[in-house]
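Peer 1: give me a model of this one.
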Amino acid sequence: MRLDLAPAVASSARIEAVEVRSSFYNPPDDFSAAFVPAFRSRTDTCARGQTALRAVVFIHALDRGGTLLDEEGRGRLSGSVDLVDSRGRVIGRYPLSAALPGTGGDLADRRAALASALGTQLCREAFGQSASDATREAAGAP
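Peer 2: Numbering: from 1, shown residues only. Predicted coordinates:
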């Protein structure tokens, strides 16, 4: 179920930490090592405020050793992100999914590309802008 951030929080938030969880295995691993920096690089461009939030990314049915490719050869990943405040309360929840056509490269590249796509979707859904919009705005471009 989706839970939108309050507009005042959305405009003042930043993602301080990212955790990756799945129903099968939660400790950090190679998946997390590729996913977290790519996801953060996107959210760092759109959530640049002072209010620190933790993003808990839950990936549905994640096979951490799998290829992340569907039966048609597309990179695919779905889940949800809980945005958690300093008191440990979930103040935002967003279902996310990414599908990338013909993702080449190795598994680490697919993990990073899908994480980046999910980060971009969170920017749009939670903070009202795309990561590329935020990057242009920060550079002073119209």
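
Peer 1: helices along this protein, start to end?
Peer 2: Here the chain has its helices, by DSSP state H, at 7-12, 30-46, 107-127, 131-138.

Peer 1: quick one: low-confidence parts of the chain?
Peer 2: Low-confidence segments of the chain (pLDDT under 70): 24-28, 64-65, 102-104, 129-142.

Peer 1: what about R124, how many neighbours?
Peer 2: Neighbouring residues of R124 were enumerated by other C-beta atoms under 10 Å; the total is 16. Just so you know, the C-beta spots here come from the backbone N, C-alpha and C atoms, and that holds for glycine as well.

Peer 1: please report how far it lies from T45.
Peer 2: 12 Å (C-beta to C-beta, to the nearest Å).

Peer 1: go on, A117?
Peer 2: Taking C-beta to C-beta as the measure, A117 falls 14 Å from T45.

Peer 1: for G88, same thing?
Peer 2: G88 is 26 Å from T45, where distance means C-beta to C-beta.

Peer 1: likewise T120?
Peer 2: As it turns out, when the distance is counted by C-beta to C-beta, T120 lies 9 Å from T45.

Peer 1: D70 too?
Peer 2: When D70 is compared with T45 (using C-beta to C-beta), they lie 28 Å apart.

Peer 1: and those two? which has more neighbours close in?
Peer 2: Ranked by neighbour count (other C-beta under 10 Å), D70 and T45 place T45 first, with 22 against 11.

Peer 1: mind checking how far the more buried one is from R74?
Peer 2: Here T45 is placed at a distance of 25 Å from R74 (C-beta to C-beta).

Peer 1: how about P37?
Peer 2: 23 Å.

Peer 1: contacting residues around S80?
Peer 2: 57-58, 60, 93-96 (C-beta atoms under 8 Å, 6 or more residues apart in numbering).
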